[in-house]
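[1] Based on what follows, work out the 3D shape:
(chains A and B)
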Amino acid sequence: MEQKTESAYRIRSRKSMIKAMFSGVMATGAGLFGITHAKAPDKKPVKANGAVEFSGNRQPLISQFTTHENFVFVKGMGDHDETDIRKATSSVLDQIEEQLIEAGSSMDKALQVTVFLHNLRDYDAMNEAYRGRFGDNPPARSTVACYNGIPGGSLLEIDCIAAL
Amino acid sequence: MDNSIKKYPNKEEKNVQGRQPLLSGAVVHGGLVYVAGKGARGERDIRKATTQVLDSIEEELKNAGSSMERALKVTVFMDDLKEFSAMNEAYRGRFGDEPPVRSTVATYGGIPGDSIIEIDCIAALD
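    Modelled structure (predicted):
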């Protein structure tokens, strides 16, 4: 399962693609030469990343998601245009869902969520849009407000840890 | 599955005999290391403060048997969002070509220990 999900997103960057090809060659080599351990410990990727922002020759700043073993970590998502808290919450949760699915997880496998609100007065309306989005057994959640403290002018930012 | 938990002491806290520590510097469990939120006491330049905090995180990661390249999830708490771009300048590249996910917020006056930035981290072990 891990193999499958890794190959699904590791092709997202040229570098990852080369790495994937290389690990394929390594695996073939291991088979040819009868090496019993399929993966050399120092060649095994400890994590796999979702899309990263590349800008010129600068290194990327943030990954959309990272995975390790049975976990997927989704970056803090915001909506920089939406001024309605219900719509903003739905949009942010849609983005999280998209990343979870791409990583091979889903909303009902979410374990821990952090919600940063621009203003605590939006708490009830955020909850209305939030309720039910993670299924019948929702993840643990922490919520705080950080007045004017969310980058990009978003009304909220949500991140998530889920099981694969 | 290794269910052991290993905790590394918080080097910033003074060791007082007969008193229990408040928090650990890093905790290892299940192939992951959780690094405590690090600050830069007294440093008023956001680039320098960011670099200093990331140095502290790097030290904890290495000490626990991980590295910056293996970081999975980072949370950045800033004192003032005006310094977002400058923080990013000092942050970019520190975690290698495949950086961790990140959540960033500003908490205006809400960071303890006279620091203008606090960063915590979850990483995979080697």
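[2] contacts, neighbours, all on C-alpha from now
    Will do.
[3] and the host helix or strand of residue A:116, what other elements does it pack with?
    In this assignment (DSSP states H and E), residue A:116 forms part of strand A:110-117. Judged by 3 or more CA pairs under 8 Å, 6 or more residues apart in numbering or on different chains; DSSP states H and E, strand A:110-117 is in contact with strand A:140-145, strand A:156-163.
[4] what residues does chain B put near chain A?
    Neighbours of chain A within chain B, by CA under 8 Å from any CA of the partner chain: B:70, B:72-73, B:80-81, B:84, B:88, B:91-93, B:96-108, B:124, B:126.
[5] how big is the angle separating the strand holding residue A:116 from strand A:140-145?
    Relative orientation of strand A:110-117 and strand A:140-145, computed by axes from the mean of the first three to the mean of the last three CA atoms, to 10 degrees: 10 degrees.
[6] Next secondary structure element downstream of strand A:110-117?
    Per DSSP H and E, the first helix or strand lying C-terminal to strand A:110-117 is helix A:123-130.
[7] List the contacts of that next one.
    Helix A:123-130 is contacted from outside by A:85, A:86, A:87, A:89, A:90, A:93, A:117, using CA atoms under 8 Å, 6 or more residues apart in numbering or on different chains.
[8] okay, how far is it across stretch B:63-72, tip to tip?
    End-to-end distance of stretch B:63-72 (CA to CA, to the nearest Å): 17 Å.
[9] Pull the residues that contact it.
    Contacts to stretch B:63-72, defined as CA under 8 Å, 6+ apart, come from residues A:46-47, A:66-68, A:73, B:8, B:26, B:28, B:33, B:58, B:61, B:94-101, B:121-126.
[10] can you map out the helices along the chain?
    Picked chain A for this. A:2-10, A:14-32, A:85-103, A:123-130 (DSSP state H).
[11] sorry, should have said chain B
    Assigned by DSSP H, the helices in chain B fall at B:46-63, B:84-91.
[12] most tightly surrounded among those?
    helix B:46-63 (a mean of 20; mean count of other CA atoms under 10 Å in any protein chain shown).
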